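Visitor: can you look at this prediction? I've put the sequence above it.
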Amino acid sequence: MEQFSADIMPEILTASKRFAPTVTSELKTNANGTTLTISGSPYLSTLWEGRRPTSPSAPKGSPTLQQILLEWIKSKSIVPKALPNGNIPTLEQLSWAMAKSMHKKGDLLYQRGGKNNSFDYVFTKSRIDGLINLLSDEAFKNLEVTIKNTTI
């Protein structure tokens, strides 16, 4: 389990994007075996489902969606396009317009029905099968030792 955790955590952190600081892994060993728990922000699901429209009674976030979008616009060096009237919005105006649209309709991933799981390449069938085989081999070895050490 330690090796599995060490192998997948860097990939999970990469796939988690801005939620990476919230992602943690914890290994616990007791008499029943070892468990691996990977947890993170409840908003991680927006990476594959998209961001839903905002409920009218939702509390204001910190940072706000507009602030998050403004930082994203700046980090991507996005340049606003001219409006039909010829005016070019500022970065702040663009972030406000995007936030307003997302609050009303959700983001594009949500509008398209989601299903864009950024963790698909981390939790592959072959990787899970490999873990299951490793765990079953370990369980078999423990059973063998138990049987050999049991006297009738």
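Guide: Great, that's in hand.
Visitor: state the distance from K100 to L70.
Guide: For K100, the distance to L70 under the criterion CB to CB, to the nearest Å works out to 13 Å. Backbone N, C-alpha and C define where each C-beta goes, glycine included.
Visitor: and those two? Which one has more around it.
Guide: Between K100 and L70, counted using other CB atoms under 10 Å, L70 has the larger neighbour count: 19 against 12.
Visitor: with adjacent residues omitted, what lies nearest to the more buried one?
Guide: With CB to CB, 6 or more residues apart in numbering as the measure, S95 is the residue that lies nearest to L70, at 3.9 Å, once sequence neighbours are left out.
Visitor: tell me which helix or strand that neighbour sits in.
Guide: helix 91-105 (DSSP states H and E).
Visitor: just give me how far the helix or strand just after that helix sits from the chain centre.
Guide: Next in sequence after helix 91-105, counting helices and strands by DSSP H and E, comes helix 108-111. Distance of helix 108-111 from the chain centroid (CA atoms, centre = their mean, to the nearest Å) equals 16 Å.
Visitor: and if you look at stretch 9-23?
Guide: 6 Å.
Visitor: give me the pLDDT value at T151.
Guide: What the model reports as pLDDT for T151 is 62.
Visitor: mind listing what's buried in the strand or helix carrying N133?
Guide: In this assignment (DSSP H and E), N133 forms part of helix 125-149. Buried residues in helix 125-149, counted by 16 or more other CB atoms under 10 Å: L131.
Visitor: just checking, what packs against it?
Guide: Secondary structure elements in contact with helix 125-149, counted by 3 or more CB pairs under 8 Å, 6 or more residues apart in numbering; DSSP states H and E, are helix 2-15.
Visitor: run through who's touching the helix it packs on.
Guide: Contact with helix 2-15 is made by 20, 23, 25, 27, 34, 36, 38, 47, 118-119, 121-123, 127, 131, 134, as judged by CB atoms under 8 Å, 6 or more residues apart in numbering.
Visitor: next SSE downstream of it?
Guide: For helix 2-15, the following helix or strand on the C-terminal side (DSSP H and E) is strand 24-30.
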